[in-house]
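Engineer: Pasting a predicted model and its sequence here:
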Amino acid sequence: MEAHDIVVGLDIGTTKTVVIVAEINNNDSFTIIGVGEQPTQGVKKGGIVDLEAVIKSISQALEKAEQMSGCRVQHVYLAVGGAHLSSINNKGVVAITNRNREITADDVDRVLQTAKVVALPQDRKIIHIHPRQYTIDGNDGIIDPIGMAGARMEAEINIVTASSNALQNLLRCVHKSGLQEEELVPAPLASAEAVLLPDERDLGCMVVDIGGGTTECAIFDQGRLWFTSVLPVGGNLITNDVAIGLRIPVEVAEVIKVEHGCVLTDLMPDNEMISVPDMVGRDTKKVSKKVLASIIEPRVREIFSLIKNELKKSGYRGVLPGGIIITGGVAQLNGLVELAAEEMDLPIRIGYPDKISGVSETVRSSAFATAVGLVLYGVKNLAYGQAAPTGERFFGGIISRVKHLFEDFFA
Ligand SMILES: Nc1ncnc2c1ncn2[C@@H]1O[C@H](COP(=O)(O)OP(=O)(O)OP(=O)(O)O)[C@@H](O)[C@H]1O
Ligand SMILES: [Mg+2]
C-alpha cells in the first residue's frame with residue numbers, strides 16, 4: 001500500500017504500547033486496518049527508564065500492526081506523555097503592511113513566530129503550538145484570518161513544552177525501531193481528539209486520561225486548547241495499594257482490581273466475597289469486596305484531589321460547563337463517575353474513542369483514547385493540509401502552518 005494512504009499513531013504508555021494503522025478513504029474518512037498492542041517494558045510513570053526494553057516493546061507492537069494491516073510503517077504521529085509536559089499561553093502581535101492590508105499566510109507565520117518567542121529554560125523544548133484565536137484591529141475570536149483585512153493582528157497561542165532529555169530518549173527509541181515521527185502530539189491533546197464532542201470543547205471542558213502511570217489533563221475553552229499537564233499518578237498506584245492491603249502479589253492485585261474493583265465502599269455489601277491467592281500462591285483466602293473497595297477508594301479520591309489542584313493551578317477561571325470527560329484505562333473502574341462528580345462538583349462522563357470504523361472493537365475502549373486520537377489528529381492534518389481550499393483550512397491549515405516552526409527541532 002502506498003505510504004501516503006495511511007496514517008499511523010504510536011502511543012508508548014506506561015503499561016502498553018499501541019500502534020494503530022488507518023487507511024484513508026477517498027472521501028477523507030478512514031478505516032482502522034491494523035492494531036498492534038504490546039505490554040510496555042521500560043517505562044515508569046510515563047518516563048523512559050530502559051531504552052532497549054522500550055525499543056523492543058515498540059518493535060513488537062509495530063510488527064503486529066504491520067502484519068494485521070499488510071502495510072509497512074515508516075512515519076508515525078507520536079504521543080508525548082510524561083510528567084515533564086507542561087503548557088503556557090502566550091501572545092504575539094504584528095503589523096499588516098501589504099498595500100491592500102489583506103492578511104496572507106506569511107503574516108500568520110510571522111505572528112505565530114512572534115507569539116512563540118518565550119524564555120524557556122535550556123532543558124525544555126517546544127513540542128507543539130496551538131493557535132487559540134486571532135484578533136484583528138481589536139476584533140477577537142477569529143480562527144482563520146487569511147484573506148481578512150486589517151492593520152494589526154494579534155495571535156493567542158498555547159505552547160506545549162517538554163523536557164529535552166525525555167524527548168531525546170523517546171525519539172531515540174522511535175528511531176531505533178526504524179520509525180520517523182511525522183509529528184509530536186501531546187498525549188492529553190490526542191486523548192481529547194478521540195473523546196471530546198465539539199459542544200464540550202466550545203463550552204469549556206477538561207479531559208482527564210487516567211492511565212497506568214500518569215494522569216493527563218487538558219482544558220479546552222471556546223473550542224481551543226487552553227492548558228495541558230501530566231501528573232505522575234495512575235492505576236499502578238491503585239494496584240500497589242491492593243497488593244499491599246491484601247498482602248497478595250502485584251500481578252494478582254491487578255487482576256482482582258480490574259475484575260472486582262469499585263470505588264464506592266459504602267455501596268458495597270459486606271457479604272460479597274472473592275477468593276484471592278496468598279503471597280506464595282499456595283493457599284487462597286476470602287476477602288470481601290467492601291474491603292477491596294475501601295483500599296481503592298482513598299487512592300482514587302487522592303488522584304481527583306490532585307486533578308482539582310491542577311485545575312486551580314492552571315489559572316483557568318471559567319466554570320467548565322462542558323464538564324469533565326474521563327478516559328484512559330482507569331476510567332473503567334466501577335463507580336468512578338459518581339465519585340468524580342462528588343469530588344469535582346462538575347458534570348462527569350466517561351469518554352470512549354468511538355468516532356471510528358474498522359477492524360478492531362478493542363480500540364473502542366477508553367484505554368485506547370490516546371492512540372485513536374493520534375490517528376484522528378493525523379487524518380485531519382492530511383485532509384485539511386496545505387492544499388486545502390479556503391474555508392476548510394481551519395484545523396489542518398493551522399497544523400501545517402505551525403509545523404515548520406519546529407524545523408529546528410526536527411532537524
Ligand atoms: N476494568 C478496569 N478497571 C480498573 N482499572 C483498569 C481496568 N482496565 C484497565 N485498568 C487500569 O488502567 C491502567 C492502564 O491504563 P492505560 O492503558 O490507559 O495506561 P497507559 O496508557 O499504558 O499508561 P500511561 O498513559 O499512564 O502512561 C492500569 O492501571 C490498569 O490496571
Ligand atoms: Mg496513556
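Structural biologist: Thanks, I have it. Ligands and ions are numbered 1, 2, ... in the order given.

Engineer: Ala149 versus the residue in the chain sticking out farthest from the centre, what's the distance?
Structural biologist: No residue in the chain sits farther from the centre than Arg99, which is 43.1 Å out by CA atoms, centre = their mean. Distance, Arg99 to Ala149, by CB to CB, to the nearest Å: 12 Å. From N, CA and C alone the C-beta is placed, and that goes for glycine too.

Engineer: thinking again about what came up before, using the three-state scheme, assign the residue farthest from the centre of the chain.
Structural biologist: Three-state call for Arg99 (DSSP: H, G, I helix; E, B strand; the rest coil): coil.

Engineer: which secondary structure elements does the helix or strand where Ile219 lies contact?
Structural biologist: Ile219 is part of strand 215-221, with elements assigned from DSSP states H and E. In terms of contacts (3 or more CB pairs under 8 Å, 6 or more residues apart in numbering; DSSP states H and E), strand 215-221 is packed against helix 187-195, strand 205-210, strand 224-231, helix 289-313.

Engineer: Make TSV from the ones you listed and add distance to Ala369 to it.
Structural biologist: Formatted as TSV, these follow (distance: least, CB to CB, whole Å):
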stretch	distance to Ala369
helix 187-195	4
strand 205-210	6
strand 224-231	14
helix 289-313	16
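
Engineer: can you redo those as a markdown table with mean neighbour count, mean pLDDT and distance to ligand 1?
Structural biologist: Formatted as a markdown table, the helices and strands packed on strand 215-221 follow (neighbours: other CB atoms under 10 Å; pLDDT from 0 to 100; distance: least, CB to the nearest ligand atom, whole Å):
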| stretch | mean neighbour count | mean pLDDT | distance to ligand 1 |
| --- | --- | --- | --- |
| helix 187-195 | 29 | 97 | 7 |
| strand 205-210 | 29 | 98 | 6 |
| strand 224-231 | 22 | 96 | 9 |
| helix 289-313 | 18 | 97 | 9 |
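
Engineer: what bridges to the residue nearest to Ser87 when sequence neighbours are not counted?
Structural biologist: Nearest in space to Ser87, with sequence neighbours left out and distances taken as CB to CB, 6 or more residues apart in numbering, is Thr228 at 4.2 Å. Taking DSSP bridges as the rule, Thr228 bridges to Ala218.

Engineer: Tell me what angle the strand holding Ile219 forms with strand 205-210.
Structural biologist: For strand 215-221 against strand 205-210, the angle by axes from the mean of the first three to the mean of the last three CA atoms, to 10 degrees is 170 degrees.

Engineer: right, is strand 215-221 up against ligand 1?
Structural biologist: No - shown here: strand 215-221 not in contact with ligand 1 (CB under 6 Å from any ligand atom), separated by at least 6.6 Å.

Engineer: Can you give the contact residues for that strand?
Structural biologist: Here strand 215-221 makes contact (CB atoms under 8 Å, 6 or more residues apart in numbering) with 81, 85, 132, 186-189, 191-192, 196, 200-201, 204-209, 225-231, 233-234, 303, 306-307, 310-311, 314, 316, 318, 320, 322, 328, 370.

Engineer: if we go to 7 Å?
Structural biologist: 81, 187-189, 191-192, 196, 201, 204-209, 225-231, 233-234, 303, 307, 310, 314, 316, 318 (CB atoms under 7 Å, 6 or more residues apart in numbering).

Engineer: So which bits of the chain are right by ligand 1?
Structural biologist: Neighbours of ligand 1 within the chain, by CB under 6 Å from any ligand atom: 13-16, 46, 81, 211-214, 234-236, 239, 254, 257-258, 261, 328-330, 332-333, 367.

Engineer: could you flag which of the residues you listed are buried?
Structural biologist: Neighbour counting by 16 or more other CB atoms under 10 Å classes 13-16, 46, 81, 211-214, 234-236, 239, 254, 257, 261, 328-330, 332-333, 367 among these as buried.
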